[in-house]
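Undergrad: using only what follows, build the 3D model:
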Amino acid sequence: MKAIVYTKYGGPEVLHLKEVDKPAPMDNEILVKVHAVSINDWDWGKLDGKSLFNRLLSGLWKPKHKILGSDIAGRVEVVGKNVKRFQPGDEVYGDLSGKWGGFAEYVCADEMALAIKPANMSFEEAAAIPQAAMLAVQGLIDIGRLQQGQKLLINGAGGGVGTFALQIAKLYGAEVTVVDSTAKLNMLQSMGAAHGIDYTKEDFTSSTQRYDLILDVKTNRPVLRYLRALNENGIYATVGGSISRLLEILLLQPFISIFSKKKLSIVVLKPNKDLHYMNELFMAGKVKPVIDGHYNLEDVPHAFRVFGKADHKGKMVISVRNMNSI
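TA: Numbering: from 1, shown residues only. Prediction:
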């Protein structure tokens, strides 16, 4: 089978289309013929290997997992003898974080990592959902306790997490302010954002405006600046960012809770927990993934270059089709 493989850390230039062995499922696994896979920040972090934390997880000197890609959608081809939830032919999707292997024609997955794909959801739409939508739901609802009429700010709103969060927040009746580049603000406001802030021209933490909830996709400012932008009982939730900023939050949060009612939280992803909820929203026409461009498996290195520049809108999804031998 064909797959995008990397054997050393670096930029998109270390990604190569190669012929590799087709995997065989274990007793509790499913072999999935991949139809679509999306790019996540975690893929980028595992690719460049600049973070010591990522290297400790992925291999100190070289990557242990040679094929990236966690958010996949496809059709079940073979099931292990202990699999109960699926059968060959089922259309499925889910987040394979920890196992990876999605940038390939086939991948093996634990049955608990997958859900049935609704018939009216395309494979590309399905691959856009798992990680980004779970972070949005868990940040807004599980941690943020979002309520009608609250003022919400989404920092870095133009990507996958942000576009899902904006749509979900509108369902809750929140007043949403989005922060991103000039090129993405028109799209976000057409999706229902009440206010848009161009981060290249204005720093929202220096404004007099205060928010009940901040969902941060970037985590690129000191903690105390975020606190200044919160209301008295406000909540700040980050879904990721630099390790140094995340450590800052972990270290300061206990002390801040002593002197303030404001809360700081890091969203620890619970993979696939809310896929059924997203299925319900999608089938009701309430949420639709925003997908940037059209890419095939051989285009993955180029897609990563675009992703690394943060020029994409919504999710970058790769369509995986049958390919002739190299």
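Undergrad: quick one: terminal-to-terminal distance for stretch 197-209?
TA: One end of stretch 197-209 sits 12 Å from the other (Cα to Cα, to the nearest Å).
Undergrad: what lies in contact with that stretch?
TA: 153, 155, 177-182, 185, 221, 225-226, 228-229 (Cβ atoms under 8 Å, 6 or more residues apart in numbering). From N, CA and C alone the C-beta is placed, and that goes for glycine too.
Undergrad: lowest pLDDT pick from these?
TA: On pLDDT alone, R221 ranks lowest of these, at 88.
Undergrad: burial count for it?
TA: Using other Cβ atoms under 10 Å, R221 has 17 neighbouring residues.
Undergrad: now do the same contact list for it.
TA: By Cβ under 8 Å, 6+ apart, R221 lies in contact with 203, 205, 245.
Undergrad: buried subset of those, written for PyMOL?
TA: Buried residues among the contacts of R221 (16 or more other Cβ atoms under 10 Å), as a PyMOL selection:
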select buried, resi 205+245
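Undergrad: where do the domain boundaries of the protein fall?
TA: The chain breaks down by automatic domain parsing into domains covering 2-129+289-319, 131-266.
Undergrad: returning to that earlier point: okay, the contacts of stretch 197-209 in a markdown table with secondary structure and distance to K117 next?
TA: Compiled in a markdown table, the contacts of stretch 197-209 are given as follows (DSSP: H, G, I helix; E, B strand; the rest coil; distance: Cβ to Cβ, whole Å):
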| residue | secondary structure | distance to K117 |
| --- | --- | --- |
| L153 | strand | 32 |
| N155 | strand | 31 |
| T177 | strand | 33 |
| V178 | strand | 29 |
| V179 | strand | 32 |
| D180 | strand | 29 |
| S181 | coil | 32 |
| T182 | helix | 35 |
| L185 | helix | 32 |
| R221 | coil | 38 |
| R225 | helix | 41 |
| Y226 | helix | 37 |
| R228 | helix | 43 |
| A229 | coil | 39 |
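Undergrad: buried subset of the residues you listed?
TA: 153, 155, 177-180, 185, 221, 226, 229.
Undergrad: just for this structure, where's the confidence low?
TA: Flagging of the chain using pLDDT under 70 yields the residue ranges 52-53, 322-326.
Undergrad: helices of that one, start to end?
TA: With DSSP state H applied, the chain shows helices at 41-48, 52-58, 123-128, 130-137, 160-171, 182-190, 223-228, 243-259, 275-283, 300-308, listed in chain order.
Undergrad: what angle sits between the fifth one and helix 275-283?
TA: Same thing as helix 160-171. If you take axes from the mean of the first three to the mean of the last three Cα atoms, to 10 degrees, helix 160-171 sits at 70 degrees to helix 275-283.
Undergrad: swap in the first one?
TA: Put simply, helix 41-48 runs at 120 degrees to helix 275-283, going by the same axes, to 10 degrees.
Undergrad: that older thread, dump the contacts of stretch 197-209 to JSON lines, plus distance to G74.
TA: Formatted as JSON lines, those follow (distance: Cβ to Cβ, whole Å):
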{"residue": "L153", "distance to G74": "36"}
{"residue": "N155", "distance to G74": "33"}
{"residue": "T177", "distance to G74": "37"}
{"residue": "V178", "distance to G74": "32"}
{"residue": "V179", "distance to G74": "35"}
{"residue": "D180", "distance to G74": "31"}
{"residue": "S181", "distance to G74": "33"}
{"residue": "T182", "distance to G74": "37"}
{"residue": "L185", "distance to G74": "34"}
{"residue": "R221", "distance to G74": "39"}
{"residue": "R225", "distance to G74": "43"}
{"residue": "Y226", "distance to G74": "39"}
{"residue": "R228", "distance to G74": "46"}
{"residue": "A229", "distance to G74": "42"}
